[in-house]
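Undergrad: the sequence isn't on hand, but the structure is:
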Ligand code: SF4
């Protein structure tokens, strides 16, 4: 059944309309393809990210609600962190709820004068007063209140912001179902600028398929691959936290602001250690048999009540262990979990927060800032002061924390330390110091994220070789295919299952005749559309700042050379014809 309905919402005059946009879904599939097309239609070069004109686009795909792993919702917006393309994906129940409410995509523009939240369902949109919720700083609490207040039947998702979104922290996130996030690039600040505290989406419809027998056969095959093969085992057993020890062993785990490529205490914050000592349960996005979301149960005594304990469930994965653990020199699991929880509560992107605090710690250690700015001393491993600093970023009690709330690129241009401010295209780096192809990904990727392609794993394959040609070829091919998967909103962890042939079969069951060569063409087209949007917004890779630090430290692929990195990036854009 072809997706076609796009819900357009205007927060300024509290109106909405629904348009049939079959054209969009036919050409760009859904998810990131439809998202970037809608963003291109709605966002101008001069649009300020925190203005009413900045659109928020959500899109799902044709396999959502039908097949396992088609569980992501893609958000597109102009990022307040980078001033360029903002693309962020979240799972939970968001995608299925949106599809069951009958929509393929939602475009939200305008801004409300008073705090509101949206209730979206099959019969339309309700604009509800959120004055009592505004100021509730914990995104957990906002979710809890709305769960009780919005008791609509059907599959439901609750997207909401915490204190950081309200205070327009440029890397504030939007949480959905407590443990999933539109994490990167500041969607939470865009919500905050529109006085939009939350969106509740609930739906009850179903997705029809013509050939039930074939549907069951393909569905079962995917299900069995997920459960019986090794493809998803890592994600189920330890989650991406399984990466910590191997990366540390090959000296690719950025530590203490990349002053070291490995962490002496990595074992104590590893996926294995957390699973053995803290794992409380695993949870899954809707329609996912893998359940990669690992929740630690942190049991802490109440201060004044003997033998009374509270248990907090805290989700962790590799990126959180890297950014709030090794990058900050935190080697005690309890301390790491408490810091993760603090970041989750205020609703900030964990990667950006960790990289920012790592830069601030190095600045403090070098005497370039003092307690006059940071209020508390910042030192590797001092989780208690990091928790205070997290809350200061969210509340901005002085100019320094106001500046930190803009991200490390901005802060370093004011205070110095640009050579070790680890952002690329103004987006803070992810946790893989594997070699030149990983860093090329951060320079070329549409969202400057390791998720754009698999540069970190290509580094291993390219070890010892120095071929910009081959490396760039791998990046382009992989990134175009990932554009197909993210347009289908298939979780990228399941990319080993969804190869070209299976994807074609799934689409055929869903009533779409798109063969493998057409899929490849669409992937390339969507990738180019993202780059075209970025160019229109002023992106030019040659003028991007590359932090000196990455050329001064070893990677498993050796020391990175500036010319080598530039050669890969040059070749990447040449291959794309850009
Ligand atoms: S593998 Fe993990 S992130 Fe992906 S859909 Fe399943 S639970 Fe969600």
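TA: Great, that's in hand. Quick caveat, the model's predicted, so the values are computed rather than measured. Residues are numbered from 1 along each chain as shown.

Undergrad: how about the nearest residue to residue 154 once chain neighbours are set aside, phi and psi?
TA: Excluding its sequence neighbours, the residue lying closest to residue 154 (Cβ to Cβ, 6 or more residues apart in numbering) is residue 204, at 3.7 Å. From N, CA and C alone the C-beta is placed, and that goes for glycine too. For residue 204, the backbone dihedrals (degrees, to the nearest 10) come out as phi -130, psi 0.

Undergrad: ok, residue 116 next?
TA: phi -140, psi 160.

Undergrad: how about residue 426?
TA: Torsion angles, degrees, to the nearest 10, at residue 426: phi 70, psi 10.

Undergrad: that one and residue 82 touch, don't they?
TA: Yes - contact criterion Cβ atoms under 8 Å: residue 426 and residue 82 qualify, at 4.1 Å.

Undergrad: correct me, but residue 358 touches residue 327?
TA: Yes - counting by Cβ under 8 Å, residue 327 is a contact partner of residue 358 at 4.4 Å.

Undergrad: quick check: neighbours shared by those two?
TA: Counting by Cβ atoms under 8 Å, 6 or more residues apart in numbering, the contacts common to residue 358 and residue 327 are 256, 257.

Undergrad: tell me if residue 287 really is in a helix.
TA: No - using DSSP: H, G, I helix; E, B strand; the rest coil, the assignment for residue 287 is coil, not a helix.

Undergrad: and the next element down the chain from the helix-or-strand element of the chain with minimal mean pLDDT?
TA: The helix or strand of the chain with the poorest confidence is helix 455-461; it has a mean of 86 (mean pLDDT, DSSP states H and E). Scanning forward in sequence from helix 455-461 by DSSP states H and E, the next helix or strand is helix 468-487.

Undergrad: what residues of that next one count as buried?
TA: 468, 470-472, 474-476, 478-487 (16 or more other Cβ atoms under 10 Å).

Undergrad: tell me which other helices or strands the helix or strand just after that helix touches.
TA: Where DSSP H and E defines the elements, the next helix or strand beyond helix 468-487 is helix 500-509. On a contact count with 3 or more Cβ pairs under 8 Å, 6 or more residues apart in numbering; DSSP states H and E, helix 500-509 meets helix 212-228, helix 516-536.

Undergrad: and the ligand, is the shortest one touching that?
TA: What it means is helix 212-228. No - counting by Cβ under 6 Å from any ligand atom, the ligand is not contacted by helix 212-228; separation bottoms out at 8.6 Å.

Undergrad: show me which positions of that helix end up buried.
TA: Here helix 212-228 shows 215, 218, 219, 222, 225, 226 as buried, counting by 16+ other Cβ under 10 Å.

Undergrad: returning to what we had before: correct me if wrong: the residue nearest to residue 154 contacts residue 122.
TA: Yes - using Cβ under 8 Å, residue 204 makes contact with residue 122 at a distance of 6.6 Å.

Undergrad: OK, now which residue of the stretch 401-550 of the chain is nearest to the ligand?
TA: Residue of the stretch 401-550 of the chain nearest the ligand, by Cβ to the nearest ligand atom: residue 491 (3.2 Å).

Undergrad: what sits against that residue?
TA: 69, 70, 71, 72, 91, 285, 288.

Undergrad: within range of the ligand, give me the residues from this protein.
TA: Going by Cβ under 6 Å from any ligand atom, the residues of the chain near the ligand are 69, 71, 91, 235, 284-285, 288, 290-293, 491, 493.

Undergrad: just how off-centre is stretch 308-318 within its chain?
TA: Offset of stretch 308-318 from its chain centre (Cα atoms, centre = their mean, to the nearest Å): 21 Å.

Undergrad: sort out which residues of that stretch are buried, please.
TA: 312, 314, 315, 316, 317, 318.

Undergrad: tell me what the third one is bridged to.
TA: Spelled out, that is residue 315. residue 295 (DSSP bridges).

Undergrad: sorry, back to before: so residue 426 and residue 82 - more neighbours on which side?
TA: Comparing residue 426 with residue 82 by other Cβ atoms under 10 Å, the one with more neighbours is residue 82, at 26 against 22.

Undergrad: now do the same contact list for the more buried one.
TA: 185, 425, 426, 427, 448.

Undergrad: again with residue 406
TA: Taking Cβ under 8 Å, 6+ apart, one finds 81, 170 in contact with residue 406.

Undergrad: which element is it on?
TA: Residue 406 belongs to no helix or strand, assigned by DSSP H and E.

Undergrad: residue 53 belongs to a strand, doesn't it?
TA: No - the assignment for residue 53 (three-state DSSP) gives coil, which keeps it out of a strand.

Undergrad: overlap in contacts of residue 426 and residue 82?
TA: residue 448.

Undergrad: right, and residue 89 touches residue 486 too?
TA: Yes - assessed by Cβ under 8 Å, residue 89 is found in contact with residue 486 at 6.7 Å.

Undergrad: between the two, which contacts overlap?
TA: 32, 72, 74.

Undergrad: most neighbours, which of those?
TA: Most surrounded of the shared contacts of residue 89 and residue 486: other Cβ under 10 Å gives residue 32, at 32 neighbours.

Undergrad: that one: which element?
TA: helix 31-42.

Undergrad: hang on, the earlier thing: now, of the residues of the chain next to the ligand, which are buried?
TA: 69, 71, 91, 235, 284, 285, 288, 290, 292, 293, 491, 493.
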